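K.L.:
With the input below, show me the fold.
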Amino acid sequence: MLCFSCQTMNLSQNFIKSSQLVKELISFSGLSSNDLVVEIGPGRGIITQELLNLNIKVITVEKDRELISFLQNKFSSNPNLKLINQDFLSWNFPLKPFKIFSNIPFSITAPILNKILKSNSKPTEIYFILQLEAAQKYSLSDNFNNQDAILLAPFYDIEILGDIDRTAFTPKPQVDIVFAKFTLKPEVTIDSDIYQQFRDFVIYGFNQWKPNIFEIYKKIFSYDQFKKINHQLKVNSLKPTQLNYSQWISLFEIYSKFTPDPKKRLVSGFEKIYLSKIKPQK
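P.N.:
As a prediction, this is how the structure comes out:
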């Protein structure tokens, strides 16, 4: 793994100080003038500037009006830049192929990725500067897979490209930072039109606080179905984190084909129920 180092506030964002570091990251990504790149939360435009220097077409999405005004003055003469004054989480993605390159606010990593995963128009590549812990959460493992990794896997492969020195940021973060690449799979295993059903099914499974898959889905699958499931997948005694991605896909396929609608209603919409419990009501 490479280590990128620095040589020379809003939403808890840690801003990069060095344009040289940005040049190094963009060069390593392989982005070119043929790409349309979306940047989330550009701040004062240190990444924007280096993308434009390579004649890359850039869309920046920034909800802070003062920052948008600053960026308009800074890049007013550049035809390759489109500034969007909007919250990224409510913005509609381009319909033509695009990529994302961003130093995102670490506190909203999950909402940003969830928006991307739920969209019908997905970036072909994503380059994120993010916390090492977050990158590891989204990475599949042979022995342990959490909810985030399973939900990402239908569409993207993730690769940690290198470490980034904490001193490259202001304010200096208290956690390890990495440069990660998400690559859209050429063939997806879950169609976008049923992805929300898959999300509900997986989130339901990870948040029942039961000892194993059998106990978790006891209300969803019949006893005879569980006998067949265990014969085929050998998962009844496993915890959700112990299932690999293929087992989750197979379990969901059985659920989709053979579970009657009244039982599916116990799972349908579960993500909203889960989010309402972990987020304070406004």
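
K.L.:
per-residue confidence for Phe226?
P.N.:
Phe226 carries a pLDDT value of 95.

K.L.:
no, scratch that, I was asking about Pro173
P.N.:
Confidence score, pLDDT, at Pro173: 87.

K.L.:
same question, Lys181
P.N.:
Per-residue pLDDT puts Lys181 at 98.

K.L.:
what do you get for Leu275?
P.N.:
So Leu275 comes in at 89 (pLDDT).

K.L.:
For it, grab phi and psi.
P.N.:
phi -60, psi -40 (degrees, to the nearest 10).

K.L.:
what number of residues lie near it?
P.N.:
Neighbour count of Leu275, defined by other C-beta atoms under 10 Å: 11. The C-beta positions use only the backbone N, C-alpha and C, and glycine is treated the same way.

K.L.:
Contacts only, for Gln197.
P.N.:
Ser256, Val267, Ser268 (C-beta atoms under 8 Å, 6 or more residues apart in numbering).

K.L.:
Would you mind listing which of the residues you listed are buried?
P.N.:
Val267, Ser268 (16 or more other C-beta atoms under 10 Å).

K.L.:
Switch the contacts of Gln197 over to CSV, and while doing so, append pLDDT and distance to Leu151 to every line.
P.N.:
Output for the contacts of Gln197, formatted as CSV (pLDDT from 0 to 100; distance: C-beta to C-beta, whole Å):
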residue, pLDDT, distance to Leu151
Ser256, 96, 16
Val267, 97, 15
Ser268, 96, 16
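
K.L.:
Looking at the contacts of Gln197, which is nearest Gln174?
P.N.:
The nearest member of the contacts of Gln197 to Gln174, counting by C-beta to C-beta, is Val267 at 38.1 Å.

K.L.:
And for Phe101, the neighbour number?
P.N.:
Phe101 has 27 nearby residues by other C-beta under 10 Å.

K.L.:
what's the burial count for the closest residue to Thr109 other than its chain neighbours?
P.N.:
Nearest non-adjacent residue to Thr109, counting by C-beta to C-beta, 6 or more residues apart in numbering: Ala134, 4.9 Å away. By other C-beta under 10 Å, 20 other residues sit near Ala134.

K.L.:
ditto for the one 3 residues further on
P.N.:
Under the neighbour criterion other C-beta under 10 Å, Lys137 is assigned a count of 17.

K.L.:
I'd like the distance between the residue nearest to it when sequence neighbours are not counted and Pro260.
P.N.:
Nearest non-adjacent residue to Lys137, counting by C-beta to C-beta, 6+ apart: Asp148, 4.6 Å away. For Asp148, the distance to Pro260 equals 30 Å [C-beta to C-beta, to the nearest Å].

K.L.:
Lys185 now?
P.N.:
In this view, Lys185 and Pro260 are 32 Å apart by C-beta to C-beta.

K.L.:
Lys210 too?
P.N.:
Distance from Lys210 to Pro260, by C-beta to C-beta: 21 Å.

K.L.:
The two: who's more crowded?
P.N.:
Under the neighbour definition other C-beta under 10 Å, Lys210 and Pro260 were set side by side, and Lys210 has more, 14 against 9.

K.L.:
Tell me how many other residues crowd the closest residue to the more buried one other than its chain neighbours.
P.N.:
Excluding the flanking residues, the one nearest Lys210 by C-beta to C-beta, 6+ apart is Ile216, at 4.5 Å. Using other C-beta under 10 Å, Ile216 has 19 neighbouring residues.

K.L.:
again, but for Lys57
P.N.:
Count around Lys57 with other C-beta under 10 Å applied: 16.

K.L.:
Name the next helix or strand downstream of the strand or helix carrying the residue nearest to Lys137, please.
P.N.:
Using DSSP states H and E, Asp148 sits within helix 147-152. Per DSSP H and E, the first helix or strand lying C-terminal to helix 147-152 is strand 156-164.

K.L.:
And that following strand, what does it pack against?
P.N.:
strand 2-4, helix 19-29, helix 132-137, strand 177-184 (3 or more C-beta pairs under 8 Å, 6 or more residues apart in numbering; DSSP states H and E).
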